[in-house]
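**Q** please work out how this folds:
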Amino acid sequence: MALLFAVPANAQLLAETGTTVQVGALHQQLAGLMGGAAGALASPGWRFTPALGVQESWTDHLLGSDGTGKSSFITTFTPSALINGQTTRTNTTISYAPSLQYYSNGSQTLINQNLNAASQITVLPERLFLDLRGFAAVQPTYGGYGPSYSGYGSSGTTALSGQNQSQTLGFSAHPYLRQSLGDLGSAELGATLSYASQNSLASNQTSGQSPLNTTLGGGQNYTSEQEYFSLASGSALGRTSAGLLVSASQDSGSGVMNNAYRNQAVMNLGYAITRSLTALAVFGYDDVHYGGTPPYNYSGPQWSGGARWVPNPDSSITVLYGSLQGVQSVQLDASYAPTARTRVYARYSEGISSGLQQLLSGMNGSTLDPMGNPVNRATNTPVQLGGGFYGTQNNLAQVTNASVTATLLRDRDAFSVTFSRQQSHQLAAASAADASNLDSTGWYGTLSWQRDLWVNLNASTFVQVGTNQYTTVGAGQNYDTLVFGLSLSYVVSRTVNAYAQYSWTRQGYPTSGGSIQTLPTNLIVFGASKSF
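**A** Numbering: from 1, shown residues only. Here you go, the predicted model:
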């Protein structure tokens, strides 16, 4: 058995499961996750596929930070490139699609960066390796928005002004040396250098917290340096497996990540009760510090116990319960295949983390399929990095994430159902000015359906309902969301695709008088892309 956490990370929160809702892409992504053609390895060698997308959108409410706005046309240009490299020394996928958006109302011009990149490089065969990972996306600063329905630069199901968009970046480099010890196992020595940032695209974003956002106007960023040494047992121990991990990390940046650190020594043990069932145990010592107001410190034991069940080659379920960084920790990571055409994915995690830590933890724990979609390195489970529903935050919190996704793939249809819930209890604020307690609980459910109407034409639709509840200084506020989307995608030729999209969003905001203000919003999109 390999180490439970192959790439050490400060945060042990699992990214959400779920499939990316994009025009014409749901059927293809589900086929890839189930081992179909879309999920097959790219052809050997390097392949470079450039493209250009043009999109025109109209909305009757260009939503800003206060939930109000006027009608606007939005013109978007999106040059993009998909790079696949499959050689004896590298496995590389890079999907880069920056977009230029021009707004007719508000005289805004925004440049959004969108990137998903992963590369596993063999520097010296069987000895020296380098893993690189990169991620960039623009997401709503304030929570309560539906999924991104178009892969060509729209803001999602609701058009957002620049004051309600944040640019998120994440990068990591992970060089490591691995030495085989024969039947005894292997040893690994490595380091990880990571950087993450999140900044509002608004030029006049104000500082401080609001119930919908805890990102400072000046943005947030941090750099993490981590060194580790690990040992993993081999076949010599028979049914028993063991792993030792010793790591140290040093963080620098803004807010709670300023001068943060974590030192830990962890022993991972496993015993194969049967061929499909393995008992797991983890114990060790943690020394943790975070900045912010007030600072958070913990020095003491960490432990957990559980099991891993592998009922068939396409299924894996791991459950752990224990204590991590001084708080209760429950971990569930499951992928189950009832039939060849269905998959059920479930994830549950509890832990201490900041928003940017969650991003880096999810990014470093994932890789990309050949189409550039993020999936879990070990289980091929789809993961979502960032998103529009829970908004952005820069505090340190005790966070509980739970998500379940069920998918069904048929010859002409693809179905996906997702339920997600996130609960956050603030432990430290980024600064004294933002030190009021802020707790939040949010959930949403999404049903997506795509059908191939003809050979070159498919239709997609989805509906999402959810709510965010924010509690600060004893007062609670609910923000409810209902989203509906419908799209058509047509393959004009081998290199040209055209699409049309309509989405309707209704959001409810409490007013100062205690009543609920409902804001229905329409968005119409037409676009096309040309690959070369």
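
**Q** who is residue 116 paired with across the strands?
**A** On the basis of DSSP bridges, residue 116 is bridged to residue 95, residue 135.

**Q** quick check: chain neighbours aside, which residue is closest to the residue nearest the centre of the chain?
**A** Most central in the chain under CA atoms, centre = their mean is residue 385, positioned 1.3 Å from the mean C-alpha point. The shortest distance from residue 385 to any residue other than its chain neighbours is 5.2 Å, reached at residue 362 (CB to CB, 6 or more residues apart in numbering). (Each C-beta comes from the backbone N, C-alpha and C, glycine too.)

**Q** list the contacts of the strand or helix carrying that neighbour.
**A** Using DSSP states H and E, residue 362 maps to helix 355-364. Helix 355-364 is touched from outside by 7, 9-15, 133, 135, 168, 170, 172, 174, 192, 194, 196-198, 220-222, 224, 257, 353, 374, 383-386, 392-395, 399, with contacts defined as CB atoms under 8 Å, 6 or more residues apart in numbering.

**Q** the helix or strand hosting residue 50: which residues count as buried?
**A** According to DSSP H and E, residue 50 maps onto strand 45-59. Within strand 45-59, the residues that count as buried by 16 or more other CB atoms under 10 Å are 51, 53, 55, 57, 58, 59.

**Q** counting by contacts, list what the helix or strand of the chain with the lowest mean pLDDT packs against.
**A** When each helix and strand of the chain is scored by mean pLDDT, DSSP states H and E, helix 26-33 comes last, with a mean of 78. Contact here means 3 or more CB pairs under 8 Å, 6 or more residues apart in numbering; DSSP states H and E; on that basis helix 26-33 packs against strand 396-409, strand 413-428, strand 438-452.

**Q** can you count the residues close to residue 241?
**A** Using other CB atoms under 10 Å, residue 241 is surrounded by 21 other residues.

**Q** what's the neighbour count on the residue nearest to residue 385?
**A** Around residue 362 there are 24 residues (other CB under 10 Å).

**Q** ditto for residue 136
**A** 20.

**Q** read off the pLDDT value for it.
**A** Residue 136 is assigned 92 on the pLDDT scale.

**Q** what sits against it?
**A** 113, 114, 115, 167, 168, 169, 170.

**Q** quick one: which of these is nearest to residue 490?
**A** residue 114 (23.1 Å; CB to CB).

**Q** once you drop chain neighbours, what's closest to the closest one?
**A** Spatially, and ignoring its direct neighbours in sequence, residue 114 is nearest to residue 97 (4.5 Å; CB to CB, 6+ apart).

**Q** just to revisit the earlier point, which of the contacts of residue 136 sits closest to residue 524?
**A** residue 114 (21.8 Å).

**Q** ramachandran angles for that closest one?
**A** With angles defined as degrees, to the nearest 10, residue 114 sits at phi -130, psi 120.

**Q** close enough to count as contact, it and residue 139?
**A** No. In this structure, residue 114 is not within contact of residue 139 by CB atoms under 8 Å, at 10.6 Å.

**Q** looking at those two, which is more packed in?
**A** residue 139 (25 against 20).

**Q** tell me the predicted confidence for that one.
**A** pLDDT at residue 139 comes out at 80.

**Q** next: the one 3 residues further on.
**A** Residue 142 is assigned a pLDDT of 74 by the prediction.

**Q** name the SS class of it, please.
**A** Assigned by DSSP: H, G, I helix; E, B strand; the rest coil, the conformation of residue 142 is coil.

**Q** tally up the residues packed near residue 29, please.
**A** 26.

**Q** should've said residue 222
**A** 24.

**Q** confirm that it sits in a strand.
**A** Yes. Under three-state DSSP, residue 222 sits within a strand.

**Q** so it touches residue 252, yeah?
**A** Yes. The criterion here is CB under 8 Å, and residue 222 meets it with residue 252 at 6.6 Å.

**Q** anything in contact with each of those two?
**A** residue 258.

**Q** how close does the nearest residue to residue 46 once chain neighbours are set aside sit to residue 91?
**A** Spatial nearest neighbour of residue 46, excluding adjacent residues (CB to CB, 6+ apart): residue 85 at 4.7 Å. For residue 85, the distance to residue 91 equals 7 Å [CB to CB, to the nearest Å].

**Q** overlap of the contact sets of those two?
**A** Common neighbours of residue 85 and residue 91 (CB under 8 Å, 6+ apart) are residue 119.

**Q** skipping adjacent residues, who's closest to the residue lying farthest from the centre of the chain in space?
**A** Distance from the centre of the chain peaks at residue 236, with 37.8 Å (CA atoms, centre = their mean). Leaving out its chain neighbours, the residue that sits closest to residue 236 by CB to CB, 6+ apart is residue 183, at 4.2 Å.

**Q** next, count neighbours for that neighbour.
**A** With other CB under 10 Å as criterion, residue 183 counts 10.

**Q** so who does residue 60 touch?
**A** 71, 521, 522.

**Q** in CSV, list those residues along with distance to residue 330.
**A** Shown next, in CSV, are these (distance: CB to CB, whole Å):
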residue, distance to residue 330
71, 47
521, 37
522, 41
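
**Q** measure residue 13 to residue 362 for me?
**A** 8 Å.

**Q** likewise residue 401?
**A** For residue 401, the distance to residue 362 - CB to CB - is 10 Å.

**Q** cool, and residue 496?
**A** 34 Å.
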